[in-house]
Structure formats: C-alpha cells, structure tokens
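Visitor: Predicted model and sequence follow; I will ask about them next.
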2 protein chains.
Amino acid sequence: MLIQGRKGACAVSRREPVIGVVGLGYVGLAYALGFSMYGFRVVGVDIDGERVKSIKNGLVNGFSGEVLLKVVQDGSLKVSTSYEVLGDADVVFITVNTPTKHDGSQDLSQVVSALESLAKVWRDTHFDYRIIVLKSTVLPGTTRALAEYARHELGLPIPDRLGFAHSPEFLRADRALEDVLRPFRVVVGGVDERSTGYIAGLFRDFYRRVGYEPPIYTVSLEEAELVKYASNVFLAMKTVYGNLIGLICRQIDNCDAWRVMSIVGLDPRIGRSHILPGMPYGGPCLIKDILAFGRFMLEKTGLDFVKRIHDYNELVIEKVTEHLDSELSGLQGRKIVVLGVSYKPGSPDIKDSPSIKLCEKLLSKNAIVYIHDVNREAVEKAKAILSGVIALETTEKLKEVDAVIVTLGYNEYKLIPPDVYDNALVIDMTGEITYEKAHRFYTSNKLKTI
Amino acid sequence: MLIQGRKGACAVSRREPVIGVVGLGYVGLAYALGFSMYGFRVVGVDIDGERVKSIKNGLVNGFSGEVLLKVVQDGSLKVSTSYEVLGDADVVFITVNTPTKHDGSQDLSQVVSALESLAKVWRDTHFDYRIIVLKSTVLPGTTRALAEYARHELGLPIPDRLGFAHSPEFLRADRALEDVLRPFRVVVGGVDERSTGYIAGLFRDFYRRVGYEPPIYTVSLEEAELVKYASNVFLAMKTVYGNLIGLICRQIDNCDAWRVMSIVGLDPRIGRSHILPGMPYGGPCLIKDILAFGRFMLEKTGLDFVKRIHDYNELVIEKVTEHLDSELSGLQGRKIVVLGVSYKPGSPDIKDSPSIKLCEKLLSKNAIVYIHDVNREAVEKAKAILSGVIALETTEKLKEVDAVIVTLGYNEYKLIPPDVYDNALVIDMTGEITYEKAHRFYTSNKLKTI
C-alpha cells in the first residue's frame, strides 16, 4: 500500500502528506524549503506578491538561490498569492506574524485571516483528516481559543476531521533553514492526542529523511506555547544580567566586565552565550515577545518580573547617553557617529534595534548624528525613520567628529585604522574593538594600585 | 638547586612553599587536604578546638576519614588552634567566614582578626617573600582595603616582601575536596603582578601534580572578587526564573512547569541546571552573598535588580502558604507535615533554609507543624529554633495529618507508599514524587480540552 501510494499517479496519500505553508517570511520559507528538499510536495502562500516573485526567482535574503530555484523548478515547492494552492494540502503550517498592538496586546488578525481563507478554500473539499499547525508565537491559551473560533465560527471540523496543533519555532532569521534542519529540539502540542501524534509522526519522518534525530517533545497546547516564551525571556534576562554587571564595573575600580563575564560563563551551569555585556537586547522578535509575555505575566500572576527585566534593558541607552553628555560636556551640536544601526551584525532589520533607540535619544538632545552600517539596506531603512540623521558612505569621515560609538561587532569596525578616529572619543559597546584609545563602555573609570 | 632543595633537611624553599590555612571549615579543610595529599607541607589553624580535634581524629562531615587520618599521621597536614604553626608558612590562605551583619553589611571581623594574628606571629620572623591569599567571599574592593589596612595598621610589608591576593572559591559544601581537585576554572587576582603570578604559579604546580589542568585566569583583585558574586547571583536568578514560570503555570490551563522547564533547559544556551522549579533558593552561602551583592549594587548603581530577584524568591513561601490556607480552609489548628527541613538533601545545615521559613510561616498562622528530614542533625537543629514544632521519628505518622508538603527530593520521600498519606493533601515542591494523588505545586489547576 505504502509503496503503491508513493509510486501512484496521485501523490497525495495518508503516508505522503502534501505540506501547506501560510506566510512565507523566513520561518514559513525555511519550513517550506526544508520539507520540499526532503521529498515532500509543498505548497506555500503569501499575500505579498513581491515576496512570492522573489522566491520564484531564487532571490531571498538569507536563503541560497540555488536551493530555492531547484525546488521551485522541479515542482516540489509551489508558491502563490492565492490560497487555492492549499486546496489539497494535508498539513498546513501557519507562520504569519503576531505583532504587538498599540495597547500592548497581541495582534492575531493575520492568523485569523489565514484561518478564514483556509476555511473558504476547504469548504467544498472532501477530506478524511487534515491538520493545521500554528508556528506563529502566541501566548499560552491562544491556540486553543483559535481552534475554538475556527470550529464554532468558521465551521471547521475540529477535532474530528481536522487536527489543530502548536509547534513553536526557534529559528534564527539569518540561519533559518539550518535551524529547521538541525533543531536542538522539536516541541509539539495538539488540541487532542491525534493532532499531537500526527505532527510528531510527521516530524519524525521528516528528520529520518534529513538524517538527524532531534528529541521530539509532545506536550499540551499551552506548554508548547509557553516553552517558546520561557526560552526567549530567559535569554533576554541573561543579556540584561551581563549588562548590569557591566554597569557595576563602571562604578568600581580595575574591572572589565567582558573579562569578568567570560570567566563567569565558563561555568557550564551558566554558559557564555548571551552573557557578555553589550548593547541592550533588541530586534523584531525578541522585543515583541518580551512585551507580550511581560503583560501576560502581570495579568496572570500580578508579578512585574519580566516588565522590570525589560526596563533594566532599556536603561543602558540612558546610561550611554548620560556618559556621552558628560564626556562631551553636553550633546547640543556635537557630532556623534553611531557605527551599526541594525539589531545585529549583518541583518538588514532595524525594527526595535537598540542602536536606533540610541540615535533617537541623541537626536532628541540635538546632537548631530552620523550613522553607518556594513549592511546598506539597514542604513537606508534607518535614514527613512530617523529624521535629520546623516548616513556615512565610508568610515573615513570619522576624523571630523566628537565621538564614535561602536554598537555592532563587525570586523570592519574592529579593523578601522586608529588614525581614522583622530581625536574623537571612541566608545566601544561590543568589547571587540582593538583600538587602544577606545573606551570600553563596561569598564572601570579608575585604575587603582596599592 | 631545585633537587637539592627538595632533598635537603629543610623542606622550606622557594620552590616548595609551606602552605598555611586559616579557618578549617569545609573550604579551608578542602584546600588543606588537597595540598597535603599532593606533596605540600600544610599547616592549618582554627580557633575552634573541637573542629581541630575532629580533624585530627578523621571525623569530619563530608570528608573521608581515611584520607584525613593519612595526611595527619604522616605529618603532611598539621592542624592547631594556635597561629604559631603558621610561623614558617610561605603562602597563607584565609578562608574564614564573612557573615552578614544586622544592618546587611559584610562582617569582616574574622578576616581582620586573622590578619592581626598573622602579623603578630610573623613580627619577628625573617622572610624574603611570603603571600596571603583571601579565599573568603568579599565584595569588590574589600581585599584591596584589607591589604591597605594590613600594610598601614599592622605594619605588614605589603607588597614588597608580602604579596596579597584574592582567589574566589566555588566549592560545594558536600563535595569540597572534589571541587578543589577538579575546578571548572581557577581565578587569581593579586595586589600586584608578583602576587598574581606567584599564586597562579602555585596553582599551576599543584594541578600538574593532581594531573588535571583547569584554566587559570589572572585578573585584577576586584575582578576576582566580582566573578564569585556574578556567578552565584546568576544561579540564584535562574532558580527564581524557573519558579516564576512555575507560578504562571499555576494560573493557566494544562501546564506542568517541570515539563516546560526541562524542555527549555535543553537549549544549550540555557542549560538544565538550576532552572527546574522547586523551593526558593536558600542556604548559608547563597543568601548572604545575594543580600550583600544586592546592597552593593544598589549602592554603586542605584539599581535594585538583585534585591528584587531576592524578593521574587521569597515570594514562593507566601504562595505555598496561601495555597495551603485556601485548600484547607484556614490554617489554624491544621496538622501539616513538612518533609525536609535542610536547605538541600543530605545536608545538616538549616541556616537560611527555605523549608525553615515555610515552617515559621505556618507556625505564625497557628498551624500544628510536624517536621521530618532524612538528615537527623538537620531535624535537631530545626527543633532548636522552631518553637512548637513536632519532630516525626518515622514517616508513618503521616496518616493523621491534614497536609504534607514535600520540600526536598530525598529518595525516601519519593518511595513512601501511597497509603501512608491516607487522605492528606499532598503537595510536591520537588516535581519528583510519584504518588498519583500528590499535587505538583507548579502545575495548572485546570485541565481543559476543546
């Protein structure tokens, strides 16, 4: 039966499900690619026509054009702006965004809209059993509520003929495919046992083909949702912790927080990741998760723990600004270069980037702010939202300024020859600049000997 | 020269320093033993005559009697209540306690007294170069201040002929010798380069003999002091984090915080250590370090981060008490058993034990509190400080009570047969009890299905 199914004219069978993906951002595309590379037929939808075109042309930031073109051209991956392609999908992964609304709550409209479109396409289709898997990050309890909505309001046959599950993603934007193919762990929570078992089985089959066996955890819907937040918030807290130790080092003698925290990180119960001081955490995923979970924790337990972690995080921008203000005797009219505007090296993304917050702060104090980033797209985006900022084409302009702040550890910044800085005050937030006159931000101001 | 020195009648030479240890608690004794086991002549002082006698008799909790007796009897380790034995010591490790004073500041009187006694013994002694190493945990800046005190007030020839250094200890009380012989890392900060180099060299020599090469970090005095606090406070924060996720799980559906946090801990950037929910952190070392560092951080930076972490930690005792109060409809006259009073399984130590705080809380609400611990010494100590508490000889008495709270994951508690609990409400703080009617504290109260 199995072999026949695979060989037969109709590729669809219970043993060889057609994979649907809604939302082709880095998460959706990475899963779509992963499944299609390993023998699954994949259909993907994104309402953004430009995105769909880029995928078809193999031109997507962070993904290999060669791999993309191969699966698109051999028909393993079919992408479209129309939900019609999902007509015969057996498993549909929803990977659309869940941004934060102005009131701080989670905006689920994209997920709801995806469910409505799916319901429409599937309305007159016969199927024995299909399943929807939410990959989008949502607060505990949300997937169950969405399943109830889909059942009662959209008439989808959940859970009898339509399974519903949540499986959090832990992908890094710049290595999404790699993280799909080599995850630390896979977490699956379904609305019922059949849903959970189906998706766990699908992943087991997928990873068998990949030749890699991650642990697969089957949990409740809410546990699956919570694992994602509990992981991200912990890493955010680790970042804040390193920075706070850094702020202490500024106030005592003979201390370099990078040295201290590298030694602390040697303890295997702690680990070096995320704990070295630097800029505050930021970026499009982390900030929204922290804000949503902070609000959730406050609501459920009355505790402001996560909210406070976030406040301590944001404080660093204040401290850097205060430091500059004091060193330059005021910021009004001072020429300050911010090296690095993206939220991390190499990324074109500036949403919730701490460097952007720093620029805004400096601009609000009437400083003249110059920006540079090795990623040109990041600079263009920054120019668009920071009114009055001046983009530097090269780092050679650094001679004419009062201060330079290095926020991202690009090799290009480590290697800028000392004479480029001239007499500017150079502040290093990364701990990686070798220029001897650079002032490492998280270090003591005083050296003391007996 | 070297070989001659080792063979000669006089064992003391620059290449074979005599090691002195002041304070023979688990830290001092572990170093004294470690050095004496690997060919160093060691002299140790403790003002507690009983402790010295126990060491001579090989009867010290947490240390092998055989090993102790061997080094005492072959003369490698000489212990005494008199500082006179330190007369010819080349390197003196000070390992005395630095408890918290009533006002929350660090009580350095034992360190100061050790320095005074040393100064007296060494007053009329000629030596070319000696060195004092502080192992006691002290706040950044303290060792330098102590060195200055010893130089100016006690007339010790620092730094010319007497080096001064800090080298934090990371020993677990129940595995102190093991941790001395197999540390993750060794950290040494000296008052000058000679001090730092001398002690780093001594440790290098020592570990070469042990046949193990830990990384040895030479840092500033203040960095050495800070590494210890930054490590301990991080682990405390990790514990608090796991418990807070646990408190959230209590408020949402279908969640078991142990399951969630075990999966979260699989991420190598996070790690499973310290992150599983349980009782609040506690114990004689951690609490004092957290309080001291919390105060220090507030003083130096105006930030209450560590203080808040500690408040969130203590909150768990409130939450457990509230839960019991609600489940038993009041605590007045209720018979409640607390299984485990030590601060960790197997330890006789109850100082700053969270279970003791729980007992106090319950007693203050007029509950009738029964206690049990597998470690009998812990029970005796608890009886001495908890007025009105009743010690159980066996766990068989559990039938007659309203509630049982398991605070420590002793195997003996995991294996108590279900019928012993009878109809009592059983609350598991450890996540390790298999009794099916036990209520895991950090879990949802509600199960929900679609």
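Guide: On my side now, so go ahead.
Visitor: Geometrically speaking, which residue is the centre of chain A?
Guide: In chain A, the residue lying closest to the centroid (Cα atoms, centre = their mean) is residue A:285, at 4.1 Å.
Visitor: I'd like to know how many residues surround the closest residue to chain B within the stretch 1-150 of chain A.
Guide: Per Cβ to the nearest Cβ, residue A:140 is where the stretch 1-150 of chain A lies closest to chain B, at 5.0 Å. To be clear about C-beta, it is placed using only N, CA and C from the backbone, and glycine gets the same treatment. Using other Cβ atoms under 10 Å in any protein chain shown, residue A:140 has 30 neighbouring residues.
Visitor: for residue A:120, same thing?
Guide: With neighbours defined by other Cβ under 10 Å, the count for residue A:120 comes to 12.
Visitor: so what's it up against?
Guide: Residues in contact with residue A:120, defined by Cβ atoms under 8 Å, 6 or more residues apart in numbering or on different chains, are residue A:83.
Visitor: Could you look up the SS state of it?
Guide: For residue A:120, the reduced secondary structure class is helix; criterion used: DSSP: H, G, I helix; E, B strand; the rest coil.
Visitor: Is there proximity between the longest helix along chain A and chain B?
Guide: In chain A, with assignment by DSSP state H, the single longest helix is helix A:221-251. Yes. Helix A:221-251 reaches chain B (Cβ under 8 Å from any Cβ of the partner chain) through A:221-223, A:226-227, A:230-231, A:234-235, A:237-238, A:241, A:244-245, A:247-249, A:251.
Visitor: Show me how far that helix is from its chain's centre.
Guide: 15 Å (Cα atoms, centre = their mean, to the nearest Å).
Visitor: Hey, what's the angle from the following helix or strand past it to helix B:221-251? Just curious.
Guide: Downstream of helix A:221-251, the first helix or strand assigned by DSSP states H and E is helix A:257-264. Between the axes of helix A:257-264 and helix B:221-251, defined by axes from the mean of the first three to the mean of the last three Cα atoms, to 10 degrees, the angle is 60 degrees.
Visitor: Can I get helix A:257-264 as CSV, trimmed to CA atoms?
Guide: Output in CSV follows, covering the C-alpha atoms of helix A:257-264 (Å, rounded to 0.1, in the frame of the first residue of the first chain):
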residue,chain,number,x,y,z
ALA,A,257,33.0,43.3,32.6
TRP,A,258,33.9,41.4,29.5
ARG,A,259,36.8,39.7,31.3
VAL,A,260,34.6,39.0,34.4
MET,A,261,31.6,37.7,32.4
SER,A,262,33.8,35.5,30.1
ILE,A,263,35.1,33.8,33.3
VAL,A,264,31.6,33.6,34.8
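Visitor: Shouldn't residue A:436 be within a strand?
Guide: No. According to three-state DSSP, residue A:436 belongs to no strand; its state is coil.
Visitor: Sort out which residues of stretch A:183-194 are buried, please.
Guide: Residues of stretch A:183-194 classed as buried by neighbour count (16 or more other Cβ atoms under 10 Å in any protein chain shown): A:183, A:186-192.
Visitor: need the residues you listed in TSV with distance to chain B, can you?
Guide: Shown next, in TSV, are the buried residues of stretch A:183-194 (distance: Cβ to the nearest Cβ, whole Å):
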residue	distance to chain B
A:183	10
A:186	10
A:187	6
A:188	11
A:189	9
A:190	10
A:191	5
A:192	7
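Visitor: No more questions from me, cheers.
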